[in-house]
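# Provided below for reference: sequence and predicted model.
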Amino acid sequence: MLKRTVLLSFLFAVTASYGQSARNNAMDQYINALMQKMTLEEKIGQLNLLIPGGSPTTGSVVSSNVEAKIKQGNVGGLFGVIGADKIRQAQDIAVKQSRLKIPLIFGSDVIHGHKTTFPIPLGLSCSWDTALIRRTATIAAREGAADGLSWAFSPMVDIARDPRWGRIAEGAGEDAFLGSQVARAMVLGYQGNDLRNPSSLMACVKHFALYGAAEAGRDYNTVDMSRVRMYNEYLPPYKAAVEAGTGSVMSSFNTIDQIPATGNKWLLTDLLRKEWGFNGFVVSDYTSLNEMGSHGMGDLATISALALNAGLDMDMVGEGFLTTLKKSLQEGKVTQQAIDQACRRILEAKYKLGLFSDPYRGISASRAAEILTPENRMAAREAAAHSFVLLKNENQLLPLKKSGTIAVIGPLADSKRNMLGTWSVSGDWQQSVSVIEGIRTVVGNKATILYAKGANISDDRNFVRRVNMLGMEVDTTEKRSADEMLNEAVQVAQEADVVIAAVGEAADMSGESASRAMINIPESQQNLLKAIAKTGKKIVLVLFNGRPLTLNWEAQNIPAILDVWFGGTEAGNAIADVVFGNYNPSGKLTATFPYSVGQIPVYYNHLNTGRPFAVGDWPKFKSDYLDIPNEPLYPFGYGLSYTNFTYSKPALDRTSIGANDKLRVSVNVTNSGNYDGEETVQLYTRQMVGSIARPVKELKGFQKIWLRKGESREVVFTLSVNDLKFYNKDLHWVYEPGEFKVFVGTDSGHTGEAGFTVTK
Ligand code: NOJ
């Protein structure tokens, strides 16, 4: 029987790889034949990605004469075209009116859902639930494809350790191990098994590379780091996305080794293609090719040639390729082979998506029914509830009872507009559920709900004007003064048994071009919290944020804090589900909350210094601050539950392992509190001695378990030397014999530990 299974799976593997190579042969033949018919201009046209305008953009340039350019074969793809009808019309022009009828590829920023909007990626990553994350990407792909799209500009996998950087909202936080798993889940979710399936989207991992390490957290700023750091701490998620089969990669805005990523041959060719074996296509970011001019790399012709020669295949919006490559070929600055190669890669992507057999990928009026379905909204509600992180819960204030009088206060309590979060380009905020709506739905008539706005999101006019660039997220129509709003809120609080304060950032206070130097709750809302706190009423702070915030006053003075990020379409319902105990929160932070901006960058997997500082110690000449602690406010992996989980010390089945051994690490986890609940059990290791300095802790495994109240479970991890590998100073992927520690616990700051040895 066993033999038969082995034989069958062998045959299957052979046939599958035969099927794959037959398909590749058919693709090669098709594309060879097509390219023979193409003129130089038509080949260059495939490298041109345009945005027709009329939709939100992320740069100051928009494309002109798009229709004429499509007819002339000067366009390979479009983005920012919203809705199946418009996409059909544009595709009609390409496949009916251009000479070779080559279909366009249609991209979009499907970042956290399409129409059904899921939590911002940073929030979603706090679920530590890769199956759930994958499911959200599958739903986003199905909706996007039903709406005519073929290509998602996602996942964004930039490791970010600087919460001032607004785009920390779009990624999975600070850890490369977790980030890699999220990257993989999202690529598989978008692409499925076969891109010809008209419910899939081609993924585009971005921003390659290291964009999250912009100096000072200022967007688009310089990045500079050692190769060892890149390989060990920043590159793994991109690599994981490539290994999961992402069809495309987007180059980033920043420089690496003082060469912009978009024109960096080491990055786009040596690393991406030669070392990692990537065989899809590379698209620039929005005018990042042209921006190489500002980086001081030369005029448009020079930088376009530089980018093509570096390995860039498609130019987003800038039209540097379109307008200069022909002349550069004549002048010998680029080769025909380089143009052909880029063109081939774009055509291959279109082939893999089935666009040559059905340029419309099955779009039809009836597929509108696949969008924003009740099932998709249910998935969004579930995903949101799983993304929330309970930061504080003094005296078990949460969950609240559905009874008595509850005051819901704050500028984010009745704001559908701010539920979706940053860059939900296709999401319709009017479809979202606000906090107050969610509470009314979940509580029904069991309690009296009062409401007061209490404050504006911010009273700083200049700041508000900039935040509101993409729409009025910070309401500027309020006629009442700050005092009038505050007084009303205090009065409402006084009438209530408990206050739910919905405060924090507006949706676009994080995201692209939304760096903040001060990452606190805006002053207007802090004043509100302080005024309510003075009434003596218990406050549950429901915190909206696209980044870790500094929350010292709140952490000291407010009894319960639930971080809800931006939960998406179903945010309000999910918030009410958690606040009133229908779901016991289980999210864990994937980015450290600093104690103060002055600590940034502060992250759990740092190196030791030569003068480490231990808590309780206070001598001079140690690595610390005179005025603040070294410890962050909330560490990586942190998040409470309504119940308690107690851990045994980790037990090892052996004290040493060699190259072929497995180490069994187990802990007993007990739900010792009063509610059923979910816990993410986290395993970290530390290499005590190495050929290079090694981090004080590195995440190597995690498991999500569900335990009934009173239940205990043994949680087992298996480690081998492969889990202990890292890139050494020569960038070889090695493990090194010696002493190790293993830590298991509820977050990176609270773990039990044991030691083991790795032998030669
Ligand atoms: C710029 C952003 O950096 C990128 O993430 C996005 O995909 C493009 N604009 C297209 O909107």
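All right, it came through fine. Residues are numbered from 1 along each chain as shown.

# Might you enumerate the residues of the stretch 151-300 of the chain proximal to the ligand?
153, 206-207, 285-286 (C-beta under 6 Å from any ligand atom). For the C-beta atoms, the positions are set from N, CA and C on the backbone; glycine is no exception.

# Doesn't Ser666 lie inside a strand?
Yes. Judged by DSSP: H, G, I helix; E, B strand; the rest coil, Ser666 forms part of a strand.

# what does this structure put close to the ligand?
Counting by C-beta under 6 Å from any ligand atom, the chain sits next to the ligand at 58, 109, 153, 206-207, 285-286, 512.

# State the pLDDT value of Val615.
As predicted, Val615 sits at a pLDDT of 73.

# Over to Gln703?
98.

# and the closest residue to it other than its chain neighbours, what is it in contact with?
Excluding the flanking residues, the one nearest Gln703 by C-beta to C-beta, 6 or more residues apart in numbering is Val681, at 5.0 Å. Val681 is in contact with 647, 667, 669, 702-705, 715, 744-746, counting by C-beta atoms under 8 Å, 6 or more residues apart in numbering.

# What strand or helix carries Val681?
strand 677-687 (DSSP states H and E).

# So which residues make contact with the helix or strand following that strand?
Downstream of strand 677-687, the first helix or strand assigned by DSSP H and E is strand 698-707. When contacts are defined by C-beta under 8 Å, 6+ apart, strand 698-707 is touched by residues 128-129, 175, 177-178, 586, 605, 636-637, 645, 669-671, 676-686, 713, 715, 717, 719, 723-724, 748.

# Next: stretch 532-539.
Against stretch 532-539 from outside (C-beta under 8 Å, 6+ apart): 397, 407, 409, 454, 489-490, 493-494, 496-501, 529, 557-560.

# at 6 Å instead, please
397, 493-494, 498-499, 501, 557-559 (C-beta atoms under 6 Å, 6 or more residues apart in numbering).

# Show the end-to-end separation of that stretch, please.
From its first residue to its last, stretch 532-539 covers 8 Å (C-alpha to C-alpha, to the nearest Å).

# returning to what we had before: buried subset of the contacts of strand 698-707, written for PyMOL?
Listed next is the PyMOL selection for buried residues among the contacts of strand 698-707, using 16 or more other C-beta atoms under 10 Å:
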select buried, resi 128+129+175+177+178+586+605+636+637+645+669+671+676+677+678+679+680+681+682+683+684+685+686+713+715+717+719+723+724+748
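
# Tell me how many other residues crowd Leu210.
Residues contacting Leu210 under the criterion other C-beta atoms under 10 Å number 24.

# quick one, what contacts it?
Leu210 neighbours (C-beta under 6 Å, 6+ apart): 223, 234, 256.

# Let's see that with 8 Å instead.
Counted by C-beta under 8 Å, 6+ apart, Leu210 has contacts 158, 223, 225, 230, 234-235, 252, 254, 256, 261.

# Quick check: end-to-end length of stretch 104-123?
Across stretch 104-123, first to last residue, C-alpha to C-alpha, it's 33 Å.

# wait, stretch 632-645
Terminal-residue distance, stretch 632-645 (C-alpha to C-alpha): 22 Å.

# From Gly637, how far off is Val715?
Distance of Val715 to Gly637, computed by C-beta to C-beta, to the nearest Å: 15 Å.

# Name the nearest residue to the residue in the stretch 201-350 of the chain positioned nearest to the ligand, sequence neighbours excluded.
At 3.8 Å from the ligand, Tyr286 is the closest residue in the stretch 201-350 of the chain, using C-beta to the nearest ligand atom. Nearest residue to Tyr286, sequence neighbours excluded (C-beta to C-beta, 6+ apart): Gly59, at 4.3 Å.

# What number of residues are in the vicinity of the one you found?
Gly59: 17 neighbours (other C-beta under 10 Å).

# what do you get for Gly536?
If we define neighbours as other C-beta under 10 Å, then Gly536 has 8 of them.

# Can you tell me which of the contacts of Leu210 are buried?
158, 223, 230, 234-235, 252, 254, 256, 261.

# For those residues, name the two members farthest from one another.
Spatial extent of the buried ones among the contacts of Leu210 (C-beta to C-beta) is set by the pair Leu235 and Asn254 at 14.0 Å.

# Would you mind measuring from the residue most central in space within the chain to the ligand?
Nearest to the geometric centre of the chain sits Gly171, at 2.4 Å (C-alpha atoms, centre = their mean). Going from Gly171 to the ligand by C-beta to the nearest ligand atom, to the nearest Å gives 11 Å.

# show me what contacts that residue?
121-122, 125, 156-160, 179, 212.
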